[in-house]
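In: build the 3D model from these lines:
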Amino acid sequence: MNDDSVPARLLFFYSSQQFDTGSPRALASQIELLDRKRFTPLFLATGDGPLLGALEGRGVAIVRGSVTTVNWRRPVALWRAIRRQVVLLRAHRIALVHVNEMGWNLDLVLAAWLCRIPVVLQLHLPGGVAFQNLHRFAARKVLLVSAAQRLAIEHFDRFRAPSEVLYSPVDLDT
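Out: All right, here's what the predicted structure looks like:
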């Protein structure tokens with residue numbers, strides 16, 4: 001963000017549009033806590049669901065589009081998908097891409113990486129970091145829900161990016 005008077009545009013993505021589990025609720029709470037003088041949140045929706053209503057209620061602009069898993073065995077489809085995302089990222093002047101899951105070689109993440117747009121992955125579940133998943137190179141930061149989660153993720157050391165624990169926000173009034 002070069003000009004302090006213009007808020008940085010953050011693009012959030014989560015593959016599910018449901019709102020009945022902890023991951024999407026934590027995402028909505030984090031977005032709600034953003035300083036809107038500094039950041040403008042956008043959400044890339046690939047379908048319909050309750051998450052979109054929750055985010056719209058928090059003043060988040062919804063961007064409609066698709067996100068696909070790309071495969072090196074289909075190079076033409078790979079480059080078309082990445083090009084489509086590059087156009088989207090540039091059209092919306094995105095400064096950062098936040099993916100609320102690990103994902104698997106998503107065209108959105110790879111396009112952001114190629115455009116030198118920072119990518120943040122926020123992991124909510126244990127699992128593994130596969131050698132073939134290019135997200136391990138694309139991420140600038142990996143956010144975890146606890147220090148114990150880092151220990152529960154197989155091959156976490158494959159990430160080049162630093163990790164940090166970001167505890168889920170809690171509404172103390174409730």
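
In: my guess is L88 meets G65, correct?
Out: Yes - using Cβ atoms under 8 Å, L88 makes contact with G65 at a distance of 5.9 Å. Any C-beta I mention is one placed from the backbone N, CA and C, and that applies to glycine too.

In: between those two, who's got more neighbours?
Out: Higher neighbour count among L88 and G65: L88, with 19 against 15, using other Cβ atoms under 10 Å.

In: tell me the helix or strand right after whichever strand or helix holds that one.
Out: Taking DSSP states H and E as the criterion, L88 maps to helix 75-91. Note on helix 75-91: by DSSP H and E, the next helix or strand toward the C-terminus is strand 94-99.

In: tell me where the chain has strands.
Out: Remark: strands assigned in the chain by DSSP state E are 8-13, 39-45, 61-64, 94-99, 119-122, 141-144, 163-165.

In: make TSV out of those strands and add distance to N71, mean neighbour count and mean pLDDT.
Out: Converted to TSV, the strands of the chain look like this (distance: least, Cβ to Cβ, whole Å; neighbours: other Cβ atoms under 10 Å; pLDDT from 0 to 100):
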stretch	distance to N71	mean neighbour count	mean pLDDT
strand 8-13	19	21	98
strand 39-45	21	21	98
strand 61-64	24	14	98
strand 94-99	18	22	98
strand 119-122	19	23	94
strand 141-144	23	20	89
strand 163-165	27	14	83
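
In: can you add distance to L55 and give those strands back as a markdown table?
Out: Output for the strands of the chain, formatted as a markdown table (distance: least, Cβ to Cβ, whole Å):
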| stretch | distance to L55 |
| --- | --- |
| strand 8-13 | 8 |
| strand 39-45 | 5 |
| strand 61-64 | 7 |
| strand 94-99 | 13 |
| strand 119-122 | 15 |
| strand 141-144 | 18 |
| strand 163-165 | 23 |
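
In: of all those strands, which one is nearest Q132?
Out: Closest to Q132 of those is strand 119-122 (Cβ to Cβ; 15.9 Å).

In: centre-most residue in the protein?
Out: When Cα atoms, centre = their mean is applied to the chain, the residue found nearest the centroid is V99 (1.5 Å).

In: show me what that residue is bridged to.
Out: Per DSSP bridges, the residues bridged to V99 are F13, L121.

In: against A111, how distant is it?
Out: Note on V99: its distance to A111, by Cβ to Cβ, to the nearest Å, is 12 Å.

In: next one: A138
Out: According to Cβ to Cβ, A138 and A111 sit 10 Å apart.
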